[in-house]
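Chemist: Next one to model:
(one chain, ligands or ions: 1)
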Amino acid sequence: LERIEAVDGPDGVHAFLHVDAEGALAAAEAVDRAVAEGGPVSPLAGVPVAVKDNMTTTDMPTTCASAILDGWRPPYDATVVARLRAAGLIPLGKTNLDEFAMGSSTENSAFGTTRNPWDLSRIPGGSGGGSSAAVAAGEAPLALGSDTGGSIRQPGAVTGTVGVKPTYGTVSRYGLVAFSSSLDQIGPCARSVLDAALLHEVIGGHDPRDQTSVDGPLPPVVEAALAGARGDLAGVRVGIVSEFSGEGYQPGVLAAFTDAVRVLGELGADVVEVSCPSFSYALPAYYLIAPSEASSNLARFDAMRYGLRVGDDGSQSTDEVMSQTREKGFGAEVKRRIMIGTHALSAGSYDALYGKALKARTLIVRDFTAAFETCDVLVSPTTPTTAFPIGERTDDPLAMYLADLCTIPSNLAGNAALSVPCGLAADDQLPVGMQIMAPALADDRAYRVAAAYE
Ligand code: GLN
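Modeler: Numbering: from 1, shown residues only. Presented below is the predicted three-dimensional model:
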């Protein structure tokens, strides 16, 4: 709490939207009592954790960094939050994000941007910039993020921390405010691979309240992190995705990534190049599918059920109140997505836009399937560049979208992927991340390789 006080002010990192000091201290005392009474405690009992502010919490506000949810208090805990509490972790507060998790820099927050602890003039990535920055700045040893197109891995990469997107369906989405339901996945942010695995094990596993929850055992991620830490990758087949390099990639990022791959080879891995030609469709397909689902999901913010209500003086119709509330409550990027998605789903455009994006999604799944026939894991830089300056891409949505070039395919296919720090870029001395992708339900492979490298 003192660390947060020292670095998180409005001119500082600004990772948190809400800090619950009293609640955290009370939870810590409860853990102390349980320990004193000799009760069963989990391995992470007493460890503080920050929670991205798009997961519901009964004792703290949930805003999704949007004015439209200002003042809303959810009546229930997200499953992941309930599992944190049950395992004795201490929720510290709620972290900043791009509004409704739409963005790559945390600049789309209605409550001010988060800054990168490595250089306060730069973005911490997004949408989960608050969670990764809190971990990087030593404000929280662990945090939860959500990853729809890269929002755990890309902030992890640019803040020099570990970020994991588990296999779709293996961590409950119950209580995660929906952005794009077929892509959204909650996962851990941490300072080390083993820390991430320990948190992953607390939050993961089947949940009957999430209809897309996988009913089966969670991949053995902690075991894999411990095994990997012995540093032996003999016989592991690592494929470098050849499409993720070249033009648009910062030389310092490519150099750090190439060096990391050399280390994997030294640890015994068999490194080959693989081609995934359909990955070039991932970005355009994502920016039709995600907004389409978002336009539907965000229809629930109708001025009647949650938070903000504008113009309700008794003289206006429901439609007027709804449209004024949405006009005032949603930011520019959220409105852009609602418009794109509504257009892509409309009768005249569905086949040419949304339908075509779904076909591209199938081709991407096939590329992964083919690549995983010859490789155990695939690797790439997590992001094409290091953290860019705040403000640099705010007027250029397409440049902003490019930050997710390498992370999006794994969301579209639903497989596991993580980002592990791989040193600093020689050209700007900022952190670089290596992405490790594994087949669905083989998250343990990515953990093993990441822990060996780390
Ligand atoms: N940056 C991507 C987007 O803007 C991904 C966001 C996310 O993963 N939540 O949609």
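
Chemist: buried stuff in stretch 118-125?
Modeler: 118, 119, 122, 123, 124, 125 (16 or more other CB atoms under 10 Å). Backbone N, C-alpha and C define where each C-beta goes, glycine included.

Chemist: Dihedrals phi and psi, the most centrally placed residue in the chain?
Modeler: Residue closest to the mean C-alpha point of the chain, counted by CA atoms, centre = their mean, is residue 152 at 2.5 Å. The phi and psi values for residue 152, taken as degrees, to the nearest 10, are phi -100, psi -40.

Chemist: Tell me the confidence at it?
Modeler: Per-residue pLDDT puts residue 152 at 98.

Chemist: from now on call the first residue 42
Modeler: From this message on, residue numbering opens at 42, which makes the last subject residue 193.

Chemist: who's in contact with it?
Modeler: Counting by CB atoms under 8 Å, 6 or more residues apart in numbering, residue 193 touches 169, 172, 173, 186, 187, 204, 205, 206, 228, 229, 230, 460.

Chemist: Compute the distance between it and residue 168, please.
Modeler: 9 Å (CB to CB, to the nearest Å).

Chemist: and for these two, which residues touch both?
Modeler: residue 187.

Chemist: neighbours of residue 111, just the number please.
Modeler: 14 (other CB atoms under 10 Å).

Chemist: my bad, should have said residue 234
Modeler: Neighbours of residue 234 using other CB under 10 Å come to 29.

Chemist: Confirm for me that it is in contact with residue 489.
Modeler: No. Between residue 234 and residue 489 there is no contact under CB atoms under 8 Å: 9.2 Å.

Chemist: can you list residues touching both of the two?
Modeler: 266, 269.

Chemist: Quick check, residue 452 in contact with residue 224.
Modeler: Yes. Judged on CB under 8 Å, residue 452 makes contact with residue 224 at a distance of 4.4 Å.

Chemist: Go ahead and report the secondary structure state at the residue of the stretch 192-341 of the chain found nearest the ligand.
Modeler: Per CB to the nearest ligand atom, residue 192 is where the stretch 192-341 of the chain lies closest to the ligand, at 3.0 Å. Assigned by DSSP: H, G, I helix; E, B strand; the rest coil, the conformation of residue 192 is coil.

Chemist: Let me know whether it touches residue 169 as I believe.
Modeler: Yes. Between residue 192 and residue 169 a contact is recorded at 4.7 Å, counting by CB under 8 Å.

Chemist: Can you pull the residues that touch both of these two?
Modeler: Joint contacts of residue 192 and residue 169 (CB under 8 Å, 6+ apart) are 138, 142, 186.

Chemist: How about the second one, nearest residue that isn't a chain neighbour?
Modeler: The shortest distance from residue 142 to any residue other than its chain neighbours is 4.1 Å, reached at residue 168 (CB to CB, 6 or more residues apart in numbering).

Chemist: what about that neighbour, how many neighbours?
Modeler: There are 34 residues near residue 168, going by other CB under 10 Å.

Chemist: With residue 227 instead?
Modeler: 30.

Chemist: Now the closest residue to it other than its chain neighbours. Its backbone dihedrals?
Modeler: Nearest residue to residue 227 in three dimensions, chain neighbours excluded: residue 212, at 4.6 Å (CB to CB, 6+ apart). Residue 212 adopts backbone torsions of phi -120, psi 130, taken as degrees, to the nearest 10.

Chemist: got it, and residue 475?
Modeler: Main-chain torsions, residue 475, degrees, to the nearest 10: phi -100, psi 130.

Chemist: For the closest residue to it other than its chain neighbours, what are phi and psi?
Modeler: Of all residues not flanking residue 475 in the chain, residue 463 sits nearest, at 4.2 Å (CB to CB, 6+ apart). Residue 463 adopts backbone torsions of phi -130, psi 50, taken as degrees, to the nearest 10.

Chemist: And residue 280, by the same measure?
Modeler: Phi and psi for residue 280, reported as degrees, to the nearest 10, are phi -110, psi 130.

Chemist: returning to that earlier point: list the contacts of the nearest residue to the residue of the stretch 192-341 of the chain closest to the ligand once chain neighbours are set aside.
Modeler: Spatial nearest neighbour of residue 192, excluding adjacent residues (CB to CB, 6+ apart): residue 168 at 4.2 Å. Residue 168 makes contact with 138, 139, 142, 143, 144, 145, 147, 149, 187, 189, 192, 196, according to CB under 8 Å, 6+ apart.

Chemist: any idea how far residue 64 is from the residue nearest to the centre of the chain?
Modeler: Taken as CB to CB, the span from residue 193 to residue 64 is 24 Å.

Chemist: cool, residue 404 as well?
Modeler: On the measure of CB to CB, residue 404 and residue 64 end up 47 Å apart.

Chemist: Equivalent analysis for residue 235, please.
Modeler: 27 Å.

Chemist: Neighbour count: these two, which is higher?
Modeler: Per other CB under 10 Å, whichever of residue 235 and residue 64 has more neighbours is residue 235, with 21 against 16.

Chemist: so that one is in which element?
Modeler: Here residue 235, judged by DSSP states H and E, is contained in helix 234-244.

Chemist: ok, back up a step: which two among the contacts of residue 193 are spaced furthest apart?
Modeler: Longest distance between any two of those is 14.6 Å, between 187 and 460; criterion CB to CB.

Chemist: Looking at these two now, which is surrounded by more residues?
Modeler: Neighbours were counted for residue 187 and for residue 460 using other CB under 10 Å; residue 460 has more, 34 against 26.

Chemist: Just checking: what are the partner strands of the particular helix or strand that has that one in it?
Modeler: Following DSSP H and E, one finds residue 460 within strand 457-465. Taking DSSP bridges as the criterion, strand 457-465 forms sheet pairs with strand 203-206 (antiparallel), strand 472-479 (antiparallel).
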